[in-house]
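>>> structure for the following, please:
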Amino acid sequence: MMTPAQSEERTEVIAAEPVESLGAMLDIEVGFAPGDPVPPLWHWLYLLDRRPESELGEDGHPVTGVPTPPGPGRRRMFGGGRVTTLGQLRIGEQATKSTSILRSVDKTGRSGDLTVVTVLHQISQDGEVVIREEQDILYRAPGSDSLAAAAPSPQPAPDGPQLSLAVDERLLFRFSALTYNAHRIHYDLDWVLREGYDGLVIHGPLLALMMGEHLRRQGIDLRNRTFAYRLLSPMTRPQTLTVVPSARGLAHGAEARSAAGVVCASSTLQEPAASPPLNAAS
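The predicted model follows:
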C-alpha cells in the first residue's frame, strides 16, 4: 500500500500570463510586467499541483499528493482558510511553495461523518516567506446525506461599497482552467446531482478571491494581516454574486452573497497571530 505523502515542494518562475488572464476574466486592468506584484490572493494561480490524468479520481480531484484523501469514495469540499500576506510575490522571479499536512481531525457534521484536513502552504521568494496559508479541506464519508438547500438570509446587506460579479458557465470554465481545478461540480451537470447540488457550483476560492478583491479595490492593504475566510453555503447555478462589507465594516472583512441574498462566504482581517476556530460544518 502506498503511504500518503506528508509534504511536497514546487519551484517555478512567477509568470505574467496568469495575472493577465485573471485580470481579463474579471474585466479589470492590472499590472503584469516583470517586477510587478501579484495582487493579494492571486497566488492561487501559481505553483499548482499538476497531477497526471491517471492520478485523478472519478470526481476530478487527485487521489495522490498532499492532501491524499483519507479513504475511498470521500466527497471533497473546500471549507475555508487563512492567508497571511508577509510580503509581495513578484512577477518574473522564481518562487518556491512547500506544502504539508498541519492536522487531520475526524468530525460529525450536519450531513454526516467527515474528516477535516488542514493543509499548510508556504510560498518563499528570495529566501523569505511571503505568503503563509492554511486551507481546511473537508472529506465527507461515502453515503453521507446530500447538502441541504440554503435558506435566504433574513438580514439586509450592511451599508457600504459593494462589488458584483456576473458568473456564468464561461467564467466557471475559465477559473477552473486558471487554477487547474478538474473537480466536476464546476462543469458537469450530471455529476453535481451525484454530489447533492442543484446546479453547477461556483468555486469557493472564487468567492474568497472576490472578497479579497473588494478590500484591495477599496484601498485596504492585506499585507501583514491574516485574511481568514469561511465557506458557509454552496453558491450554485449561474448568477450575479455580490460582495458587501462585514457587519463591522469593510476594514474588518466582507461577505459574499448570492443573488437571493444568501451569505455563502464570510471573511475577516486579523493580526497574523490570530486564527479563527476551525469550521467543519458542511
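
>>> all the strands of the stretch 101-250 of the chain, residue numbers only.
Remark: strands assigned in the stretch 101-250 of the chain by DSSP state E, counting those that start in this stretch are 112-125, 128-140, 163-167, 226-231, 239-245.

>>> who does the second one pair up with?
What that stands for is strand 128-140. Applying DSSP bridges, strand 128-140 is found paired with strand 75-85 (antiparallel), strand 112-125 (antiparallel).

>>> repeat that for the shortest one.
Strand pairing for strand 163-167, using DSSP bridges, gives strand 239-245 (antiparallel).

>>> try the fourth one
Strand 226-231 sits in its sheet next to strand 75-85 (antiparallel), strand 263-270 (antiparallel), going by DSSP bridges.

>>> which of those strands sits closest to Arg184?
Smallest distance to Arg184 across these (Cβ to Cβ): 11.1 Å, for strand 75-85. For the C-beta atoms, the positions are set from N, CA and C on the backbone; glycine is no exception.

>>> so what's the closest residue to Ser104 other than its chain neighbours bridging to?
Closest residue in space to Ser104, ignoring its immediate chain neighbours: Val117 at 4.8 Å, by Cβ to Cβ, 6 or more residues apart in numbering. With DSSP bridges applied, Val117 shows beta-bridge pairing to Ser104, Ile137.

>>> separation between Val117 and Arg217?
Separation of Val117 from Arg217 (Cβ to Cβ, to the nearest Å): 33 Å.

>>> Glu55 too?
Using Cβ to Cβ, Glu55 is found at 38 Å from Arg217.

>>> remind me which residues of the stretch 101-250 of the chain are low pLDDT?
109, 111, 143-154 (pLDDT under 70).

>>> one more time with 90
Filtered on pLDDT under 90, the stretch 101-250 of the chain yields the residue ranges 107-114, 140-159, 194-196.

>>> and Arg184, what does it touch?
The contact partners of Arg184, by Cβ atoms under 8 Å, 6 or more residues apart in numbering, come to Asp59, Gly60, Trp191, Val192.

>>> identify the residue spatially nearest to it, adjacent ones excluded.
Trp191 is the one closest to Arg184 (Cβ to Cβ, 6+ apart), at 3.9 Å.

>>> can you get me a residue count around that neighbour?
Using other Cβ atoms under 10 Å, Trp191 is surrounded by 17 other residues.

>>> pretty sure it sits against Asp59.
Yes - assessed by Cβ atoms under 8 Å, Trp191 is found in contact with Asp59 at 7.2 Å.

>>> quick revisit: as JSON lines, the strands paired with strand 226-231 with mean pLDDT would be great.
Formatted as JSON lines, the strands paired with strand 226-231 follow (pLDDT from 0 to 100):
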{"stretch": "strand 75-85", "mean pLDDT": "94"}
{"stretch": "strand 263-270", "mean pLDDT": "95"}
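
>>> now those in a markdown table, with mean neighbour count and distance to Leu163?
Below are those laid out as a markdown table (neighbours: other Cβ atoms under 10 Å; distance: least, Cβ to Cβ, whole Å):
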| stretch | mean neighbour count | distance to Leu163 |
| --- | --- | --- |
| strand 75-85 | 22 | 18 |
| strand 263-270 | 21 | 13 |
